[in-house]
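Participant: how does the following fold in three dimensions:
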Amino acid sequence: MSAPPIQRPEPGEYSPYYQSYLAGLPAGDILALLDAQRGETRATLGVLTARQSGFRYGAGKWSIKEVVGHVIDVERVLVYRALRFSRADATPLPGFEQDDYVAGGNFGSRALADLLEELAVVRAGTLALFRGMSPEMLARRGTANEATMSVRAVPWIILGHERHHLDIIRDRYLVADEPPERGDGW
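Facilitator: Got it, this is the predicted structure:
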């Protein structure tokens, strides 16, 4: 017997900061959607050259490799929060500074293929964790970064966060009418 699907969270189960990530997400089984997203991300980014993966669309912006590293870090942080909350740990958890994590992540020195593999492994762990949760565990809540979050909101936020960054990569990094060898980072 399989577990019931993880329902989409209601407002109040997550910080308003995450609303833009949840807006427009497709209906369906969140775990299947997360699993499918692995393939979409790999198909979109796995074809890039080393030079392309280091591209920044503007001064002070992250490279594509740094964006992937950021997505990995955020998924890990969110899953850690879900783990703690699902185990009825009432300890408030701090936020984290994403720019510091990217700066300290050394993502630019790594191959994009390695980062995509790490993202796939992290996602496999995320899926395994949520597949093992009972409805009671998914309904639990905790505090992170001074905001309440339900466990069931986490996989939806992860899906929306990665989708948000893939959309930015498509819109600002992989511009179709730009030649692949522009001379400014490509």
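Participant: tell me where the model's unsure across this structure.
Facilitator: 1-3, 176-186 (pLDDT under 70).
Participant: got the buried residues for the longest helix anywhere in the chain?
Facilitator: For the chain, the helix that runs over the most residues, judged by DSSP state H, is helix 64-86. Across helix 64-86, burial judged by 16 or more other CB atoms under 10 Å covers 64-75, 77-79, 81-82, 84-86. From N, CA and C alone the C-beta is placed, and that goes for glycine too.
Participant: and for stretch 116-134?
Facilitator: So stretch 116-134, judged by 16+ other CB under 10 Å, has buried residues 116, 118-119, 122-123, 126-127, 129-130, 133.
Participant: now, these that are in helices?
Facilitator: Per DSSP H, the subset of these in helices is 116, 118-119, 122-123, 126-127, 129-130.
Participant: pick the one among those closest to residue 37.
Facilitator: residue 123 (7.6 Å; CB to CB).
Participant: ok, and the closest non-adjacent residue to that closest one?
Facilitator: Sequence neighbours aside, residue 38 is the residue nearest to residue 123 in space, at 5.2 Å (criterion: CB to CB, 6 or more residues apart in numbering).
Participant: same check on residue 81?
Facilitator: residue 144 (4.9 Å).
Participant: can you get me a residue count around the one you found?
Facilitator: Applying other CB atoms under 10 Å, we find 22 residues neighbouring residue 144.
Participant: looking at the buried residues of stretch 116-134, which one is closest to residue 165?
Facilitator: Once CB to CB is applied, the member of those that ends up nearest residue 165 is residue 119, at 11.0 Å.
Participant: roughly how far apart are the closest residue to the closest one other than its chain neighbours and residue 27?
Facilitator: Excluding the flanking residues, the one nearest residue 119 by CB to CB, 6+ apart is residue 72, at 5.2 Å. With distances taken as CB to CB, to the nearest Å, residue 72 is found 26 Å from residue 27.
Participant: next: residue 11.
Facilitator: Taking CB to CB, one finds residue 11 at 17 Å from residue 27.
Participant: just residue 95 next, same as before
Facilitator: With CB to CB as the criterion, residue 95 and residue 27 are 30 Å apart.
Participant: over to residue 81?
Facilitator: Taking CB to CB, one finds residue 81 at 24 Å from residue 27.
Participant: cool, and residue 53?
Facilitator: For residue 53 relative to residue 27 (CB to CB), the value is 33 Å.
Participant: who's more crowded, these two?
Facilitator: Per other CB under 10 Å, whichever of residue 53 and residue 27 has more neighbours is residue 53, with 24 against 7.
Participant: what residues are up against the more buried one?
Facilitator: 45, 63-65, 112 (CB atoms under 8 Å, 6 or more residues apart in numbering).
Participant: what's in contact with stretch 4-14?
Facilitator: Everything outside stretch 4-14 that qualifies as a contact, by CB under 8 Å, 6+ apart, is 19, 22, 25, 27, 29-31, 130, 135, 138, 141, 147-150, 152-153, 155-157.
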